[in-house]
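*Asks:* Give me coordinates for this.
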Amino acid sequence: MRHHQYNPDFNFIKEPGEFNKYTDREFLQYCLGAILYTPGTKNIKSAIINNKFPGLTTMVLDFEDGIEGKDLSKAEENVIELLTFVSKKIDSRELSHNKLPLFLIRPRNLKQFKKFTKQLNKNHIKILTGFELPKFNSNNGNQYLEHLKKLNNEFDEILYSLPVLEDEKVAYKENRSDELMNIKKIISSYDELILDMGIGGTDFSSLFNLRRNIDNTIYDLMNVKDCLTDIMNYFNRKDKNYIFSGPVWEYFDNDNEVNYTKLKEKDFPDILFRKETFINKAIDGLLREILLDKANGFIGKGIIHPSQIKYVNAMQAVPKEKYEDALQILDTSDGVIKSKNENKMNEINPHRSWAKKIKYRAKAYGVIKDNNDYVKLFAHI
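*Replies:* Residues are numbered from 1 along each chain as shown. Next comes the predicted model:
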């Protein structure tokens, strides 16, 4: 599997790399990209076997917010049927692991997680990359991860976790510092099982009686931004860095009728921050928030519609100038050096951790010429 299969003819300066669930974790954690949530009740067998969404690399089969409680049994049966179906297609060589998205399951809660995993067998485990753990906190975190560790030992396989921070214990200021410290202590004991982490922007918004509208980003909601700031302060540090996906963008627009040729005449990305129309309100809002996600250290993003895949993944590609800066920093032992473009000073020690992330992102999503290539990549022009 590799990113940007929706635009296979794009001319990269450096091609994106291949990956699957067995890829080394240090690289794989950068590869999730656009994480598509789909209800556990939805029949997606045909979409998978026919490669309906060629850019899809990560899919969450949702037992939590994506379905009603009364449909939980139906959802569990449907997901087991899907995993069995895909496993058989791999055995018959109609599918290969390298053509599969990274499948993740989002349990409803800890109790349902333990109950559901009793239905899994060795063939199912080979299809699964892991579990997204909702409402992860200091009360349930150890139990979630200890059970996951037990599954890994039982099946002699690798199953990762994606803890999601999204409940009131993190949201409310009087609890937050202690809670984040306790969560960090928990996950540090299970580092090898942590692939990625998430932030529930919608859940945090709800706790403060807020919802961002289509013209805002999550960073415009002050209480939610405050949560994000503290979370990244605790977990996105030079000495110990956990990869976080950006919060889910709630708005979508079927872009089949977009005239992308007109985008060549527009000033990207400056026009987005002037809030002039670039594509349409839903896509413009998504792109604007992705730019702010990247500026704040997030990699990839949760999405709710397949049309969003190409925008999220295209925007993770690395412009040539940034890539050259990163390589220069990583290849220099100390001090300060003028950049190859002779437009900035690269400080070796302060920028080394940034450069390492850029190098991994380039390996996962490829290197492009400049900002205009973002548009060419997602618009296929």
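*Asks:* Tell me if I'm right that Asp215 and Ala282 touch.
*Replies:* No - using Cβ atoms under 8 Å, Asp215 is not in contact with Ala282; the gap is 10.5 Å. (Glycine included, C-beta is placed from N, CA and C.)
*Asks:* Looking at the two, which has the bigger crowd around it?
*Replies:* It is Ala282, of Asp215 and Ala282, that has more neighbours when counted by other Cβ atoms under 10 Å, with 19 against 12.
*Asks:* so what's the more buried one closest to, chain neighbours aside?
*Replies:* Closest residue in space to Ala282, ignoring its immediate chain neighbours: Asp253 at 3.8 Å, by Cβ to Cβ, 6 or more residues apart in numbering.
*Asks:* residue contacts, that neighbour?
*Replies:* Counting by Cβ atoms under 8 Å, 6 or more residues apart in numbering, Asp253 touches 280-283, 307.
*Asks:* Would you mind checking the residues you listed for buried ones?
*Replies:* 282-283, 307 (16 or more other Cβ atoms under 10 Å).
*Asks:* So which of those belong to helices?
*Replies:* Residues of the buried ones among the contacts of Asp253 located in helices (DSSP state H): 282-283.
*Asks:* ok, so of the buried ones among the contacts of Asp253, who is nearest Thr41?
*Replies:* Ranked by distance to Thr41 (Cβ to Cβ), the buried ones among the contacts of Asp253 are led by Ser307 at 21.0 Å.
*Asks:* State whether that closest one and Tyr251 are indeed in contact, as I suppose.
*Replies:* No - contact criterion Cβ under 8 Å: Ser307 and Tyr251 do not qualify, at 11.1 Å.
*Asks:* what's next to the helix ranked longest in the chain, contact-wise?
*Replies:* Longest helix in the chain by number of residues (criterion: DSSP H): helix 72-91. Residues outside helix 72-91 that contact it (Cβ under 8 Å, 6+ apart): 39-45, 48-49, 61, 63, 67, 95-97, 100, 103, 105, 108, 112, 116, 119-120, 123-124, 126-128.
*Asks:* among those, which are in strands?
*Replies:* The strands, defined by DSSP state E, take in 39, 61, 103, 105, 128 from these.
*Asks:* From Leu195, how far out is the last one?
*Replies:* Taken as Cβ to Cβ, to the nearest Å, the spacing of Leu128 relative to Leu195 amounts to 12 Å.
*Asks:* Check the second one too.
*Replies:* For Leu61, the distance to Leu195 equals 16 Å [Cβ to Cβ].
*Asks:* tell me the domain ranges of the chain?
*Replies:* As assigned by automatic domain parsing, the chain contains the domains 25-317, 318-365.
*Asks:* Worst mean pLDDT among those?
*Replies:* Sorting the domains of the chain by mean pLDDT places domain 318-365 lowest, at a mean of 89.
*Asks:* What's the end-to-end length of it?
*Replies:* End-to-end distance of domain 318-365 (Cα to Cα, to the nearest Å): 7 Å.
*Asks:* before we move on, what about stretch 128-145?
*Replies:* This stretch, stretch 128-145, spans 16 Å end to end (Cα to Cα).
*Asks:* who's in contact with the residue lying farthest from the centre of the chain?
*Replies:* Relative to the centre of the chain, and counting by Cα atoms, centre = their mean, the farthest-placed residue is Gly335 at 34.0 Å. For Gly335, the contacting residues are Ile348, by Cβ under 8 Å, 6+ apart.
*Asks:* can you tell me which residues contact Tyr323?
*Replies:* With contact taken as Cβ under 8 Å, 6+ apart, Tyr323 is in contact with 13-14, 358-359, 362, 367.
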